[in-house]
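build me a model from this:
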Amino acid sequence: MQWKLCSLFGKRRHNVSLCHVPHNRSVTGCSIRIKMLPMGRKYKFSKGKKHRTCIIVRVVKGNGRRIDTVNLENFHFEIKEEVIEALNGYAQHDGEELCGVLTGIKVDQTTYRICKVSPPCVKSHSRCGCERDAEKANHFITEDYEASEQTRTYIGEWHTHPENAPSPSSVDFHSIENNFYTASHTAPFLIMIILGLEKYHVSVYNGKRFWIIEPEVV
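Numbers count the residues shown, from 1 in each chain. Have a look, this model is predicted:
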């Protein structure tokens, strides 16, 4: 069966600058509990409650220096067909938003592959918001890392939107930016997949900007 990922922005693969963040965040090498924003759109349908979630992460080492960013035009991205099949089963045709994490591998110096999608890691949710269960998310990442003989690592996030062609909200952007600077990840970027009713939005954040991509299905 032939699968194809589509984004709200058509077939443009790169060169889409959506957002910028500072690069001089001062961090240390220790384990701490960090407040993280949930994935989701605005809080219009969340009955006035702004959900936040905690997740245990290892802060990357640094001394307030500028974080180097990679040029994503030089990278190739792949996604396994089984990931798409799993995501399709979580489409938000009705009910509340779902969210989870992605794991993947580095195929070669310029190619990364999304290999696994976690089951929904939900602590609480509404139609347009999802509070992740940090314990479930970290448990999936750890188990998949061991099951893959320490080759598959945390590579990004996924969540649903109750719309045909999903587009990220400011909350979505901020959550990925925050994860990039605080969570432990080996890739020089984080991937965000938003599953709509008819299309996907797939973008990559390199610490400076978001790029729309269309991964090759393998």
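
what segments of this structure are strands?
With strands called from DSSP state E, the chain shows them at 31-36, 39-40, 53-58, 76-79, 99-106, 111-117, 122-126, 129-132, 153-160, 190-195, 200-205, 210-212, 216-217.

for residue 88, which of the ones you listed is the nearest?
The closest of the strands of the chain to residue 88 is strand 190-195. By Cβ to Cβ, the value is 7.8 Å. C-beta coordinates here come from the backbone N, C-alpha and C atoms, glycine included.

which other helices and strands contact that closest one?
Using 3 or more Cβ pairs under 8 Å, 6 or more residues apart in numbering; DSSP states H and E, the elements in contact with strand 190-195 are helix 81-88, strand 99-106, strand 153-160, helix 170-182, strand 200-205.

residues in contact with that strand?
With contact meaning Cβ atoms under 8 Å, 6 or more residues apart in numbering, strand 190-195 is reached by 77, 87-88, 90-92, 102, 104, 114, 155-161, 166-168, 172, 176, 179-180, 183, 200-205, 210.

so which bits of stretch 188-207 are buried?
If you call a residue buried by 16 or more other Cβ atoms under 10 Å, then stretch 188-207 has these buried ones: 188-196, 199-207.

whoops, I mixed them up, stretch 172-191
172-173, 175-183, 185, 187-191.

could you do stretch 69-76 as well?
72, 75.

residues contacting residue 152?
Neighbouring residues of residue 152 by Cβ under 8 Å, 6+ apart: 103, 104, 105, 115, 116, 144, 145.

no further queries at this time; thank you.
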